[in-house]
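> model the structure of this input:
(one chain, ligands or ions: 2)
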Amino acid sequence: MQRAEAARSALLTSLPDAHVDLLHLDVGSAQSVLAAAQEVKARYNRIDFLYLNAGIMPNPQLNVKAFFKGLFSRNVINMFATAEGLLTQQDLLNSDGLQEVFATNLFGHFLLIRELEPLLCEADHASRIVWTSSSNARRSAFSMEDIQHRNGTEPYSSSKYASDMLSLALNRHKNSQGLFSSVICPGLVMTNLTYGILPSFFWTIIMPIMWLIRIFTNTFTLTPYNGAEALHWLFLQKPESLDPRAKYHSLTSGLGTNYTQPHPMDIDEGMSEDLYSELLELEKVVRKILSERNADKEANGQRE
Ligand SMILES: NC(=O)C1=CN([C@@H]2O[C@H](COP(=O)(O)OP(=O)(O)OC[C@H]3O[C@@H](n4cnc5c(N)ncnc54)[C@H](OP(=O)(O)O)[C@@H]3O)[C@@H](O)[C@H]2O)C=CC1
Ligand SMILES: CC(C)CCC[C@@H](C)[C@H]1CC[C@H]2C3=CC[C@H]4[C@H](C)C(=O)CC[C@]4(C)[C@H]3CC[C@]12C
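Ligands and ions are numbered 1, 2, ... in the order given. All right, here's what the predicted structure looks like:
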C-alpha cells in the first residue's frame, strides 16, 4: 500500500479538496477480488467510472533477430507500434490454478465487474468501464480452445485481445442496464513494464532515437502523462457517442502534442459472445473452488 499512499499524497497536493480512499486489491487472486468488492459495496452505493488498468507482462523475451529483420522491412512502423513478432513471455500458474497473465489482465477484472454489477448497472444512471488494452493485442495470439493461453508463448497479446472482445460483449449485454465499456491503448510508455523488457538505463540512452521514431509513429507516447491521454479523453465523452468496436489510442505527435484517435478493432461478435459465455462458466468453477477452500479452512479452524 506504500505506493498507493504516495499516489494519494501526490493527488492531494494538486487537489487538496479531493477525497481519495484506498483499497487493497490483487486482481490476480480471486479471493482478493471478492474481498475487495465486498469492501467497495460496503463503502459506496454507486460507481461512475471503473478504470481497469492493472496488467502484467512477466518474463518478457525480445526476439532480437526478428527486430533487426523488421527494421529493414516495409513493416517497420507497424512493428514499432504493435511489437508484432517481437515479444514472447513465460507464464506461470497462480494460486487459483489459472494462468497468471490471463488471471491478472482479464479474469480478475471480469470477476470484479461481476461482483460490482449492482453498483454498475443502475438503470437511471450511466456507469463506465475503461480497459487499458494494448496495440499488441492480436487475434492470432488468441484461441477460443485455450482462452488462458496455457499452450502458447504470447499470453500478454492473448489476454489483451480477450479484453477487447470482453468489452464488446459487455456493451452488448449491459448497455441497456446503463453500463458502457471502452478500451484504450496508451502507446509505448516508459514504466516498470517496459523496464522489464530492457533495462531503464538502455531506454534512457536511446531516448533521442525514440523521439525520432515518434515522428513516424505517434504511438511512442513515452511518458505516463502522455499515455493517459485517452483515459482522460474518454472521461469527458458521453457514453452513447462512443464506438464499442473501437480502441481509443493515446497518441503523441513529433512535436509533442497529445491526442486521442479511435481505431477499429479486429473482433467478431460471435467470438466475443463465446468468450463471454466461457468466462461465466469459469467464474462458476472458481467460485466453487473458493467456497470449498473456505469451508475446509473453517472446518480445520473448528478442529484446532
Ligand atoms: N507501458 C506500456 O508501454 C504499455 C502498457 N500497457 C498497459 O498499461 C497498464 C499499466 O501498465 P504499466 O503502467 O505500463 O506497467 P507497470 O508495471 O508500471 O504497472 C502495472 C500496474 O498494474 C498493477 N498491477 C499489476 N499486477 C496487479 C495485481 N495482481 N493486482 C493489482 N494491481 C496489479 C500495478 O500495481 P502495483 O504498483 O501496486 O504493483 C501497477 O499499478 C497495463 O495493463 C499494461 O498492459 C499497454 C500498452 C503499453
Ligand atoms: C530503438 C528502440 C526503439 C528499440 C526497442 C525495441 C523493442 C524493445 C520495442 C519496440 C516496440 C516496443 C513495444 C511496442 C508496443 C508496446 C505495447 C503497446 C504494449 O502493450 C507493451 C509494450 C510494447 C510491446 C513495446 C515493448 C518494447 C518494444 C517491443
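> right, and T104 touches N53 too?
No: here T104 does not reach N53: they are 11.5 Å apart, not a contact under C-beta atoms under 8 Å. Glycine gets a C-beta too; all of them are placed from N, C-alpha and C.
> buried stuff in stretch 119-133?
Neighbour-count burial for stretch 119-133, counted by 16 or more other C-beta atoms under 10 Å, picks out 119-122, 127-133.
> what's the end-to-end length of that stretch?
23 Å (C-alpha to C-alpha, to the nearest Å).
> that stretch near ligand 1 anywhere?
Yes: against ligand 1, stretch 119-133 shows contacts by C-beta under 6 Å from any ligand atom at T132.
> ok, now how distant is the nearest residue to D124 once chain neighbours are set aside from T191?
Using C-beta to C-beta, 6 or more residues apart in numbering and skipping the chain neighbours, the partner closest in space to D124 is G178 (7.4 Å). Taking C-beta to C-beta, to the nearest Å as the measure, G178 falls 33 Å from T191.
> the two - which one has more neighbours?
When neighbours are counted by other C-beta atoms under 10 Å, G178 and T191 differ, and G178 comes out ahead with 16 against 12.
> and the pLDDT for R303?
As predicted, R303 sits at a pLDDT of 66.
> D124 now?
86.
> tell me the phi and psi of it?
Main-chain dihedrals, D124, degrees, to the nearest 10: phi -90, psi 10.
> next one: Q261
According to degrees, to the nearest 10, Q261 has phi -140, psi 130.
> the closest residue to it other than its chain neighbours: what's it in contact with?
In this structure, Q261 finds its nearest non-sequential neighbour in H249, 5.2 Å apart by C-beta to C-beta, 6+ apart. For H249, the contact set (C-beta atoms under 8 Å, 6 or more residues apart in numbering) comprises 135, 184-185, 187, 219, 230, 260-263.
> what is the longest helix along the chain packed up against?
With secondary structure taken from DSSP state H, the chain has its longest helix at helix 269-303. With contacts taken as 3 or more C-beta pairs under 8 Å, 6 or more residues apart in numbering; DSSP states H and E, helix 269-303 sits against helix 30-43, helix 108-120, helix 155-174.
> just want the angle from the shortest one to helix 155-174.
When axes from the mean of the first three to the mean of the last three C-alpha atoms, to 10 degrees is applied, the directions of helix 108-120 and helix 155-174 differ by 20 degrees.
> may I see the buried residues of helix 108-120?
108-117, 119-120.
> make a markdown table out of those residues and add pLDDT and distance to ligand 2.
Output for these, formatted as a markdown table (pLDDT from 0 to 100; distance: C-beta to the nearest ligand atom, whole Å):
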| residue | pLDDT | distance to ligand 2 |
| --- | --- | --- |
| G108 | 98 | 18 |
| H109 | 98 | 16 |
| F110 | 98 | 19 |
| L111 | 98 | 22 |
| L112 | 98 | 21 |
| I113 | 98 | 21 |
| R114 | 98 | 25 |
| E115 | 98 | 27 |
| L116 | 98 | 25 |
| E117 | 97 | 28 |
| L119 | 97 | 29 |
| L120 | 96 | 26 |
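> with respect to A169, which of the residues you listed is nearest?
F110 (10.1 Å; C-beta to C-beta).
> quick one: pLDDT of the residue lying closest to the closest one once chain neighbours are set aside?
Of all residues not flanking F110 in the chain, L279 sits nearest, at 5.3 Å (C-beta to C-beta, 6+ apart). With respect to pLDDT, L279 scores 98.
> can you get me a residue count around L279?
By the measure other C-beta under 10 Å, the count of residues near L279 is 20.
> what mean pLDDT does stretch 237-254 get?
97.
> can I get it in PDB? Just the C-alpha atoms.
Only the C-alpha atoms of stretch 237-254 are listed here, as PDB (Å, rounded to 0.1, in the frame of the first residue of the first chain):
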ATOM      1  CA  GLN A 237     -17.100  11.900 -23.600                       C
ATOM      2  CA  LYS A 238     -20.800  11.000 -23.500                       C
ATOM      3  CA  PRO A 239     -21.000   7.100 -23.400                       C
ATOM      4  CA  GLU A 240     -23.600   7.000 -26.200                       C
ATOM      5  CA  SER A 241     -21.200   8.800 -28.500                       C
ATOM      6  CA  LEU A 242     -18.500   6.100 -28.200                       C
ATOM      7  CA  ASP A 243     -17.900   3.200 -30.600                       C
ATOM      8  CA  PRO A 244     -17.900  -0.200 -28.800                       C
ATOM      9  CA  ARG A 245     -15.900  -1.700 -31.700                       C
ATOM     10  CA  ALA A 246     -13.100   1.000 -31.500                       C
ATOM     11  CA  LYS A 247      -9.900   1.100 -29.500                       C
ATOM     12  CA  TYR A 248      -9.100   4.600 -28.400                       C
ATOM     13  CA  HIS A 249      -5.300   5.300 -28.800                       C
ATOM     14  CA  SER A 250      -3.300   7.800 -26.800                       C
ATOM     15  CA  LEU A 251      -1.000   9.400 -29.400                       C
ATOM     16  CA  THR A 252       1.800  12.000 -29.300                       C
ATOM     17  CA  SER A 253       2.900  13.800 -32.400                       C
ATOM     18  CA  GLY A 254       6.500  14.500 -33.300                       C
END
